[in-house]
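>>> structure, please.
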Amino acid sequence: MSAASKSTVFSSRWGMLLAMLGMAVGTGNIWRFPRIAASNGGGSFLVAWVCFLLIWSIPLLILEFGMGKGTRRGPIGAMVRTVGEKFAWMGAWIAFTATAIMFYYSVVMGWTMRFFWATVTGEIPTAVPGAFWESFAGTSNALLTHTLAVGLGVFVVAWGVRGIETAAKILIPSLIILVVVLAIKAVTLPGASEGLAFLFTPDWSALTDYRIWLEALTQNAWDTGAGWGLVLTYAIYMRAKGDTALNAFVIGFGNNSMSLLAGIMVLCTVFSVMPEAAGEIVGAGNEGLTFIWVPQLFAQIPGGRFFMGLFFLALTFAAWTSLVAMIELASRVLIDLGLGRGSAIALVGVSSLLFGAPSALNMDVFANQDWVWGVGLMLSGFFFAVAVLKYGVTEWRETFINHAHSDVRIGAWWDWAIRFVVVQAVVLMGWWLWNARGADPVATWTLFSPYNVGTVLIQWAIALGVFILLNGWMVRRLEKYDVGRPDARARDRVTPEEDFHAP
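So this is what the prediction gives:
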């Protein structure tokens, strides 16, 4: 491999895995998982959640590892190389969905930083739930923290792959230590055993409720990063002899282990401190649970301010590493289309500031974007699976997964899992849209309302229409700036063993 190539790959498998884990572990693990698990039967939910880790997350993570390493291109270029020039728009959808989430995810990171600082300075009130949150969310102060979050994300990505790797080596071990310390503290509280029993004791009869299964599938889709295109982007920078399949299992199980620790941390604390209000707390919504109730919970335990500071610091680290991956993905797409790396990162940073501002200043806009593009992730997973099926799923597996440097061989079960991903994605999108249908068929067709069917379909149609119109232009740009690589026609084979030239 050339010296130039070596400068644009992860220096070690350990560094790559930490960066990947940083991408996967985000606020969805720490604030969404405990709420969804508690609201859907605790132990019963865990059974369904583990099942979908194996039949949704792991298969898609394997796919993204193989596609990124095999094509050495972002989502658009990877789709062109996998299924041909007519399908660049599918890669554009995958990239844009993750980028649209990036626009408001930096707002979330801003919230976590503000609450960490408020904990350090003692600003968070301990008497009136929600007072501090209501005075901050949707204000110019939230815009300021959003700006700071974008700056921190861009700072890491600007240092290239080694910058991402270095940040991951610092932030992810720190995050793991913080979450483990908080979980240990939670299980040592009086009455914490009730929280553990609730989380880990399944009610097998509850598994006949289809909603538990669909919520478990949704949680896997949202908190592992599978189907986002983020793993694909980081896999571009894997070494030529790097494994794909085993790495996917490590990331999937590592990510869900962090979710379990977060569940232990939150639910043990809830059942210990406020067992009489447990239902109200876990049903408060992501923002309500994290920014309204968590300060109240920690205020009632010994050393609560210290542990609350650790909690919000852990949230900040989780958000930061995930935001870095989203910025890298968006930048990588622009690089593939011909921009220099510095210009691409600058454009992504400015765009994130501008397009994230409405979500920082208005919680209704935030809720709308979270709804539209959260469901959009299911369509991204669908496109990934369809692309591999169109290529030829067995042939793709033998070419891009079971290559000479694989630590483990993946069998035909994966072929069927990918076919099942298509079914899962269709069912999940249909379920969420059906639940959001309004009684008034006219009222639902509004562009920016927090939760309805029309806003999803309108924004999706606009995005897909633009990408389909730009399909030919994207292909021409990819071919023009595909320096040092074979011609990227539909059925050219790019094997994982092939060396690559860094852009």
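>>> C-alpha only now, for contacts and for neighbours.
Will do.
>>> residue nearest the middle of this protein, spatially speaking?
Residue closest to the mean C-alpha point of the chain, counted by Cα atoms, centre = their mean, is residue 225 at 3.8 Å.
>>> do I have it right that it meets residue 21?
No - checked against Cα atoms under 8 Å, the pair residue 225 and residue 21 is beyond contact range at 9.5 Å.
>>> so which bits of the strand or helix carrying residue 427 are buried?
Assigned by DSSP states H and E, residue 427 belongs to helix 413-435. For helix 413-435, a neighbour-count test (16 or more other Cα atoms under 10 Å) marks 414-415, 417-422, 424-425, 428-429, 432-433 as buried.
>>> same deal with stretch 188-208?
189, 191-196, 198-202, 207.
>>> in helices only, show me those.
Under the assignment DSSP state H, the buried residues of stretch 188-208 contribute 192, 193, 194, 195, 196, 198, 199, 200 to helices.
>>> how much space separates the nearest residue to residue 409 once chain neighbours are set aside from residue 254?
Distance criterion Cα to Cα, 6 or more residues apart in numbering; nearest residue to residue 409, sequence neighbours excluded, is residue 402 at 5.4 Å. Remark: distance between residue 402 and residue 254 (Cα to Cα, to the nearest Å) = 22 Å.
>>> circling back: got CSV for the buried residues of helix 413-435, with distance to residue 384 and pLDDT too?
As requested, the buried residues of helix 413-435 are exported to CSV (distance: Cα to Cα, whole Å; pLDDT from 0 to 100):
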residue, distance to residue 384, pLDDT
414, 14, 94
415, 13, 95
417, 13, 95
418, 9, 96
419, 11, 96
420, 12, 95
421, 9, 95
422, 9, 96
424, 13, 94
425, 11, 94
428, 16, 92
429, 15, 93
432, 20, 90
433, 21, 89
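>>> give me phi/psi at the nearest residue to residue 198 once chain neighbours are set aside?
Nearest non-adjacent residue to residue 198, counting by Cα to Cα, 6+ apart: residue 42, 5.6 Å away. Torsion angles at residue 42 (phi, psi; degrees, to the nearest 10) stand at phi 60, psi -110.
>>> quick one, what contacts residue 42?
Counting by Cα atoms under 8 Å, 6 or more residues apart in numbering, residue 42 makes contact with 198, 199, 200, 201, 202.
>>> state the distance from it to residue 27.
Taking Cα to Cα, one finds residue 42 at 19 Å from residue 27.
>>> quick one, what contacts the nearest residue to residue 204 once chain neighbours are set aside?
Spatial nearest neighbour of residue 204, excluding adjacent residues (Cα to Cα, 6+ apart): residue 44 at 6.4 Å. Applying Cα under 8 Å, 6+ apart, we find residue 44 in contact with 201, 202, 203, 204, 206, 207, 212.
>>> so where does the nearest residue to residue 206 once chain neighbours are set aside fall, helix or strand?
Excluding the flanking residues, the one nearest residue 206 by Cα to Cα, 6+ apart is residue 44, at 6.5 Å. Assigned by DSSP H and E, residue 44 belongs to helix 43-52.
>>> now that helix: mean pLDDT?
Helix 43-52 comes out with an average pLDDT of 92.
>>> what about dumping the CA coordinates of the next helix or strand after it to CSV?
Where DSSP H and E defines the elements, the next helix or strand beyond helix 43-52 is helix 58-71. Extracted C-alpha coordinates of helix 58-71, given in CSV (Å, rounded to 0.1, in the frame of the first residue of the first chain):
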residue,chain,number,x,y,z
ILE,A,58,-25.7,-7.4,12.6
PRO,A,59,-26.6,-8.3,9.0
LEU,A,60,-26.7,-4.6,8.0
LEU,A,61,-23.4,-3.8,9.9
ILE,A,62,-21.7,-6.7,8.0
LEU,A,63,-23.1,-5.3,4.7
GLU,A,64,-21.8,-1.8,5.4
PHE,A,65,-18.4,-3.0,6.5
GLY,A,66,-18.1,-5.1,3.3
MET,A,67,-19.4,-2.3,1.0
GLY,A,68,-17.3,0.4,2.4
LYS,A,69,-14.1,-1.6,2.5
GLY,A,70,-14.7,-3.1,-0.9
THR,A,71,-15.7,0.0,-2.9
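>>> in helix 58-71, what counts as buried?
58-71.
>>> over to stretch 47-60?
47-50, 52-60.
>>> okay if I get these as TSV plus distance to residue 447?
Shown next, in TSV, are the buried residues of stretch 47-60 (distance: Cα to Cα, whole Å):
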residue	distance to residue 447
47	37
48	34
49	33
50	36
52	32
53	33
54	36
55	34
56	31
57	31
58	34
59	34
60	31
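>>> hmm, which helix or strand of the chain has the shakiest average pLDDT?
Using mean pLDDT, DSSP states H and E, the weakest-scoring helix or strand in the chain turns out to be helix 3-6, at a mean of 36.
>>> show me what the helix or strand following it is packed against.
Sequence-wise, the next helix or strand downstream of helix 3-6 (DSSP H and E) is helix 13-24. Of the remaining helices and strands, those touching helix 13-24 by 3 or more Cα pairs under 8 Å, 6 or more residues apart in numbering; DSSP states H and E are helix 160-187, helix 230-235, helix 245-273, helix 304-336.
>>> check which element follows helix 13-24 along the chain.
helix 27.
>>> so what touches that following helix?
Under Cα under 8 Å, 6+ apart, the answer for helix 27 is 315, 318, 319.
>>> give me the distance from that helix to the chain's centre.
Centroid separation for helix 27 versus its chain: 9 Å, with Cα atoms, centre = their mean, to the nearest Å.
>>> can you tell me the average pLDDT over it?
79.
>>> and what of stretch 374-383?
The pLDDT scores in stretch 374-383 average 94.
>>> contacts for it, please.
Against stretch 374-383 from outside (Cα under 8 Å, 6+ apart): 60, 90, 93-94, 97-98, 101, 221-222, 226-228, 421-422, 425-426, 428-429, 432, 460.
>>> please apply the same query to stretch 208-221.
Contact partners of stretch 208-221, identified using Cα under 8 Å, 6+ apart, comprise 33, 36, 40-41, 44-46, 48-49, 52-53, 56-57, 206-207, 226-227, 377-378, 428.
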